[in-house]
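Trainee: Sequence and predicted structure are below.
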Amino acid sequence: MHSAAGVLIADFVGPVLVRSNEPRPLQLLLQGATRQGQGEVLLLAFSRAPGQKIPDCLTDAQVRQVGHASYTICAAEGRWTIEGAKHFLHRDVGAQFYRALPPVKVPWSKRTLWRLILIAARLPL
């Protein structure tokens, strides 16, 4: 992940949604699927927006840290640099978590008991 071009922070595949929140602390948000994960959604936020206008949607974007607080966003639509920013990375691991847990099989007696309780609860007194 280290190269002359910097450290790879995020490698998106397909469309990447871009939201710019100028007056807020997190001024730029990138959200999309990662190349490494199986449909895993990645949210990358920056404390500063790039100097140039960035489109609302990017394709196959890569984000690299090229200096202490300097980042480069490369996509099919172009290249943008963010200076003097911090980044915050959030990975949605919910799908991996639920894949790792085996489904719980409820015994038929317990299902029948709860069915009878719910039927009795519907009866008027």
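Mentor: Okay, I see it. Numbering: from 1, shown residues only.

Trainee: Helices along the chain, start to end?
Mentor: Ranges of helices within the chain are 94-100, 108-122, based on DSSP state H.

Trainee: can you tell which of those helices is closest to A45?
Mentor: helix 94-100 (18.8 Å; C-beta to C-beta). Every residue, glycine included, has its C-beta placed from N, CA and C.

Trainee: Check which residues of the closest one are buried.
Mentor: Going by neighbour count (16 or more other C-beta atoms under 10 Å), nothing in helix 94-100 comes out as buried.

Trainee: Give the closest residue to the residue nearest to the spatial centre of the chain in space, chain neighbours not counted.
Mentor: For the chain, the residue nearest the mean C-alpha position is L42 (2.2 Å; C-alpha atoms, centre = their mean). Of all residues not flanking L42 in the chain, T34 sits nearest, at 4.8 Å (C-beta to C-beta, 6 or more residues apart in numbering).

Trainee: P55 too?
Mentor: E77 is the one closest to P55 (C-beta to C-beta, 6+ apart), at 5.4 Å.

Trainee: list the contacts for that neighbour?
Mentor: P55, L58, T59 (C-beta atoms under 8 Å, 6 or more residues apart in numbering).

Trainee: measure it to G14 for me?
Mentor: Distance of E77 to G14, computed by C-beta to C-beta, to the nearest Å: 13 Å.

Trainee: which residues do these two both contact?
Mentor: Joint contacts of E77 and G14 (C-beta under 8 Å, 6+ apart) are T59.

Trainee: residues near L125, how many?
Mentor: 2 (other C-beta atoms under 10 Å).

Trainee: May I see the buried residues of the strand ranked longest in the chain?
Mentor: Longest strand of the chain, by residue count under DSSP state E: strand 6-20. For strand 6-20, a neighbour-count test (16+ other C-beta under 10 Å) marks G6, I9, A10, D11, F12, V16, V18 as buried.

Trainee: Give the other helices and strands that that strand contacts.
Mentor: Applying 3 or more C-beta pairs under 8 Å, 6 or more residues apart in numbering; DSSP states H and E, we find strand 6-20 packed against strand 28-34, strand 41-46, strand 57-59, strand 62-65, strand 70-75, strand 87-91.
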